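Asks: Quick check, what structure comes out for this input:
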Amino acid sequence: MSQDAKKRQVAEAAFEKVRHLLDSETPIGIGTGSTANCFIDVLAESKIQVLGAVASSKATEERLTHYGIELLDLNATGTLPVYVDGADEADPRLNLIKGGGAALTREKIIAEASVQFICIADDSKRVDVLGKFPLPVEVIPMARSLVGRALVELGGDPEYRQGVVTDNGNLILDVHGMSITDPKALELAINQIPGVVTCGLFAKRPADILLLASDNDILEFSRDA
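Replies: Residues are numbered from 1 along each chain as shown. Coordinates of the predicted model:
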């Protein structure tokens, strides 16, 4: 099965999982990336009239607007019942690396504001130990070199993502060469570096449910299992 087909399949599975929440009075959160885009497509095709969605990026806002789905402000919605988004890596405890699309800060905010975080991906994203995918870190521009030196001290090899400016006006450093055996501790350590907005480790607030598309089926993992 192609990667595109897997993304569509897992998006459909996520939609069925949250269908009971979708009505004209309930807001939802939607992430960024190709798999999240598939979820938006499935939602739009269902013709269910939802209250609207809190989007994690301008790109997601544009896709939602294209389908006539109202954009909601998290400050107005308060706690969201569910957030659906993809990931670049997921470990057995549902800790994640996110930020390949440079939307990690807003994604982390929405995840924190949601009762349930459903992560959708294909089965290639599941790993035993996080870190093969470079860890994105969003930094304030003036602190790029300062943060880079601090990341080296933590054992990483940071690389400036050239030509990328986040929706928040910041820069991305991608940290290579890390085997992340204690994601929560590393997330805390990186986030305490002056100039860091946040890093792409979702360990303090991991996913609640992970849906993975394989060649034959949808695999479901739960943090409570």
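Asks: Name the next helix or strand downstream of the longest helix along the chain, please.
Replies: Taking DSSP state H as the criterion, the chain has its longest helix at helix 3-18. Per DSSP states H and E, the first helix or strand lying C-terminal to helix 3-18 is strand 27-30.
Asks: which secondary structure elements does that following strand contact?
Replies: Judged by 3 or more C-beta pairs under 8 Å, 6 or more residues apart in numbering; DSSP states H and E, strand 27-30 is in contact with helix 34-46, strand 52-55, strand 80-85. Where C-beta positions appear, they are placed from N, C-alpha and C, glycine not excepted.
Asks: Do a quick rundown of the strands in the chain.
Replies: 27-30, 52-55, 80-85, 89-90, 96-97, 114-122, 135-139, 157-160, 171-176, 196-199, 201-202, 209-213, 218-222 (DSSP state E).
Asks: for these, which one sits closest to residue 107?
Replies: Among the strands of the chain, the nearest to residue 107 by C-beta to C-beta is strand 80-85 (5.9 Å).
Asks: Pairing partners for the closest one, with directions?
Replies: Paired neighbours of strand 80-85 in the sheet (DSSP bridges): strand 27-30 (parallel), strand 114-122 (parallel).
Asks: want to throw these into a markdown table with mean neighbour count and distance to residue 191?
Replies: A markdown table is the format used below for the strands paired with strand 80-85 (neighbours: other C-beta atoms under 10 Å; distance: least, C-beta to C-beta, whole Å):
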| stretch | mean neighbour count | distance to residue 191 |
| --- | --- | --- |
| strand 27-30 | 24 | 21 |
| strand 114-122 | 23 | 18 |
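Asks: could I get these as CSV with distance to residue 13?
Replies: Below are these laid out as CSV (distance: least, C-beta to C-beta, whole Å):
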stretch, distance to residue 13
strand 27-30, 15
strand 114-122, 7
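Asks: need the ones you listed in a markdown table with mean pLDDT and distance to residue 67, can you?
Replies: Below are the strands paired with strand 80-85 laid out as a markdown table (pLDDT from 0 to 100; distance: least, C-beta to C-beta, whole Å):
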| stretch | mean pLDDT | distance to residue 67 |
| --- | --- | --- |
| strand 27-30 | 98 | 11 |
| strand 114-122 | 97 | 18 |
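Asks: quick one, which of these is nearest to residue 177?
Replies: Nearest of these to residue 177, taken as C-beta to C-beta: strand 114-122 at 22.8 Å.
Asks: and that closest one, how far out from the chain's middle?
Replies: 8 Å (C-alpha atoms, centre = their mean, to the nearest Å).
Asks: Contacts made by that strand with the rest, please.
Replies: Contact partners of strand 114-122, identified using C-beta atoms under 8 Å, 6 or more residues apart in numbering, comprise 3, 6-7, 10-11, 13-14, 17-18, 29, 35-36, 39, 79-87, 90, 94, 96, 111, 205-214.
Asks: Kindly export it (C-alpha atoms) in CSV.
Replies: Taking Å, rounded to 0.1, in the frame of the first residue of the first chain, the C-alpha atoms of strand 114-122 are listed here in CSV:
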residue,chain,number,x,y,z
SER,A,114,-7.3,19.0,24.6
VAL,A,115,-8.9,16.3,26.6
GLN,A,116,-7.9,13.7,24.1
PHE,A,117,-5.0,13.7,21.6
ILE,A,118,-5.3,11.3,18.8
CYS,A,119,-2.1,10.9,16.8
ILE,A,120,-2.4,9.4,13.2
ALA,A,121,0.5,8.1,11.1
ASP,A,122,1.7,5.2,9.0
